[in-house]
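Student: Sequence plus the predicted model coming up.
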Amino acid sequence: DFEKAYETKGTEHIAELLTAIRHELTLNIKYKSFVSDSITEYVFHPYHLKEYRNRWYLVGLSENSNGIRTLCLDRFQSHPERSLRVPFRRMPFDPKQYFENVIGITVTNEEVQEIEVAFSEHQANYIFTQPVHSSQEFIKTVDGKSIFRYRLIPNFEFISFVLGLGKEAEVLS
């Protein structure tokens, strides 16, 4: 029995997005982010589909910003349409490398930081058995708390994870 969302909006687009990625088709996407009151229309060159916490994301080159963007499928305002006017732009894109310094899907231009977090004895059991990030390194135990070091970009997902643990986690540096 796998974890699943009761209703994952946007998954109806997956097949057509996979086709667009495979056949290098440029798309027109109407999108409404959670932080905007208006709909943005993207001319988008799709490179990768990624699932994170039961939500699906499309990663690709946006003509609007001339950079890599990540769009959540549940915020699409209609089915993506093939753009017949704009030829597909190929860029070297390695998803593993692109996401290597973050947890989740938010990639920023910030520098990788070294972060030390102390976890309660109880929470440390979970952290030992399911590392938070590939850079996770156990440092030592002090006063019943296990200290771990991470080398990553402290993005929204990492901050949410640590804050979500409440008193079970303390950022040391």
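Tutor: All right, it came through fine. Numbering: from 1, shown residues only.
Student: May I ask you to confirm that Arg149 is in contact with Glu116?
Tutor: Yes. Look at Arg149 against Glu116 with Cβ atoms under 8 Å: they come within range, at 5.2 Å. (Each C-beta comes from the backbone N, C-alpha and C, glycine too.)
Student: any shared contact partners between those two?
Tutor: Common neighbours of Arg149 and Glu116 are listed as Ile139 (criterion: Cβ atoms under 8 Å, 6 or more residues apart in numbering).
Student: dump the residue contacts of the residue nearest to the spatial centre of the chain.
Tutor: Centrality entry for the chain: nearest residue to the mean C-alpha point is Ile105, 0.8 Å, by Cα atoms, centre = their mean. By Cβ under 8 Å, 6+ apart, the residues touching Ile105 are Lys50, Tyr52, Tyr57, Val59, Thr70, Phe99, Glu157.
Student: And the pLDDT at it?
Tutor: pLDDT for Ile105: 95.
Student: And for Thr8?
Tutor: Looking at Thr8, its pLDDT is 79.
Student: same deal with Asn54?
Tutor: 89.
Student: just for this structure, where's the confidence low?
Tutor: Applying pLDDT under 70 to the chain flags the ranges 5-6.
Student: Going by residue numbers, what spans are strands in it?
Tutor: For the chain, strands defined by DSSP state E occupy the ranges 27-31, 40-52, 55-62, 67-72, 81-82, 113-119, 137-142, 145-152, 169-171.
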